[in-house]
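Student: Could you work out the structure for the sequence below:
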Amino acid sequence: MVGITSYGAYIPRYRLDRKTIFAAMGWFNTATAGVARGEKAVANHDEDSITMAVAAALGCLKGNVRDDIGDLFLSSTTLPYLERQNSAICAEA
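Tutor: Reported below is the predicted structural model:
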């Protein structure tokens with residue numbers, strides 16, 4: 001089959017109250033006090049973009065046979081390795 005057949009997402013478990021962020025950074029722009037509502041998902045100390053990508057990829061495998069998967073596409077603005085193939089690490093995991 002051609003095209004995207006499955007996708008996954010991962011949102012870190014830990015949350016940080018936006019008011020706490022504003023209390024620490026409010027001096028920078030006091031106009032942001034009105035939008036400091038709710039929570040923000042925050043990665044744990046050992047969660048990088050590859051770890052989160054593997055967790056999302058495991059969600060893609062539900063209902064699929066691993067041998068039927070032909071490609072894995074990974075994109076991020078914060079990949080941990082510059083010289084290594086980040087997507088190959090995800091595919092191997």
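Student: just checking, what packs against the longest helix along the chain?
Tutor: Counting residues, the longest helix in the chain under DSSP state H turns out to be helix 49-60. Here helix 49-60 touches helix 86-92, going by 3 or more C-beta pairs under 8 Å, 6 or more residues apart in numbering; DSSP states H and E. C-betas here are computed from N, CA, C, even on glycine.
Student: Can you tell me what sits against the helix it packs on?
Tutor: Residues outside helix 86-92 that contact it (C-beta atoms under 8 Å, 6 or more residues apart in numbering) are 49-50, 53-54, 57, 72-74, 76, 79-81.
Student: Of those residues, grab the buried ones for ChimeraX.
Tutor: ChimeraX command restricting the contacts of helix 86-92 to the buried ones, with burial defined by 16 or more other C-beta atoms under 10 Å:
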select :49,50,53,54,57,74,79
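Student: quick one: low-confidence parts of this structure?
Tutor: 1 (pLDDT under 70).
Student: again, 90 this time
Tutor: Where the chain drops to pLDDT under 90, the residues are 1-11, 16-49, 56-93.
Student: Which parts of this structure are strands?
Tutor: 14-17, 39-42 (DSSP state E).
Student: quick one: the residue nearest the centre of the chain and His45, what's the gap?
Tutor: The geometric centre of the chain, computed from its C-alpha atoms, lies nearest to Met52 (C-alpha atoms, centre = their mean), at 4.8 Å. As judged by C-beta to C-beta, to the nearest Å, Met52 and His45 stand 13 Å apart.
Student: What of Gly34?
Tutor: 31 Å.
Student: go on, Ala33?
Tutor: Counting by C-beta to C-beta - Ala33 and His45 are separated by 29 Å.
Student: Tell me which of those two has more neighbours.
Tutor: The neighbour comparison of Ala33 against His45 (other C-beta atoms under 10 Å) goes to Ala33, with 12 against 6.
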